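**Student:** Structure for the following, please:
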Amino acid sequence: AGKLDRALADLDVPHEVKEYPEAGHSFLTDSRLPAPMAPVAKIVMGHGKGREAAPEAWERIFGFFDTHVAAKG
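**Tutor:** Modelled structure (predicted):
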């Protein structure tokens, strides 16, 4: 996250970078993997870990889009 933040700042690209260090892969989704993949994905990738951060993350994402990507007109 720090490296990305510095690179975007150096290029003067509008950005907002926040790392969720306790979150694993797919923390923004509520998907459930079928057995036997679920335990493996949870152990190897932290699949689903940190879902409590998802509402804040989605709010930040859509807020950034509203500010920087929304149609102007």
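**Student:** what's the next secondary structure element after the worst-scoring helix or strand of the chain on mean pLDDT?
**Tutor:** Within the chain, confidence by mean pLDDT, DSSP states H and E is lowest for helix 37-45 among all helices and strands, at a mean of 62. Downstream of helix 37-45, the first helix or strand assigned by DSSP states H and E is helix 54-68.
**Student:** Run through the neighbouring helices and strands of that following helix.
**Tutor:** If you count contacts as 3 or more C-beta pairs under 8 Å, 6 or more residues apart in numbering; DSSP states H and E, helix 54-68 packs onto no helix or strand. (Each C-beta comes from the backbone N, C-alpha and C, glycine too.)
**Student:** If you count neighbours, what's buried in it?
**Tutor:** 54, 57 (16 or more other C-beta atoms under 10 Å).
**Student:** CA atoms only: put it into PDB for me.
**Tutor:** Taking C-alpha atoms only, helix 54-68 is exported to PDB below (Å, rounded to 0.1, in the frame of the first residue of the first chain):
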ATOM      1  CA  ALA A  54     -16.000  -4.300   4.100                       C
ATOM      2  CA  PRO A  55     -18.700  -1.600   4.700                       C
ATOM      3  CA  GLU A  56     -16.100   1.100   5.400                       C
ATOM      4  CA  ALA A  57     -14.000  -0.100   2.300                       C
ATOM      5  CA  TRP A  58     -17.100   0.000   0.000                       C
ATOM      6  CA  GLU A  59     -18.000   3.500   1.400                       C
ATOM      7  CA  ARG A  60     -14.500   4.700   0.600                       C
ATOM      8  CA  ILE A  61     -14.500   3.200  -2.900                       C
ATOM      9  CA  PHE A  62     -17.800   4.600  -3.900                       C
ATOM     10  CA  GLY A  63     -16.900   8.000  -2.400                       C
ATOM     11  CA  PHE A  64     -13.800   8.100  -4.400                       C
ATOM     12  CA  PHE A  65     -15.700   7.100  -7.600                       C
ATOM     13  CA  ASP A  66     -18.300   9.800  -6.900                       C
ATOM     14  CA  THR A  67     -15.600  12.400  -6.600                       C
ATOM     15  CA  HIS A  68     -13.200  11.300  -9.400                       C
END
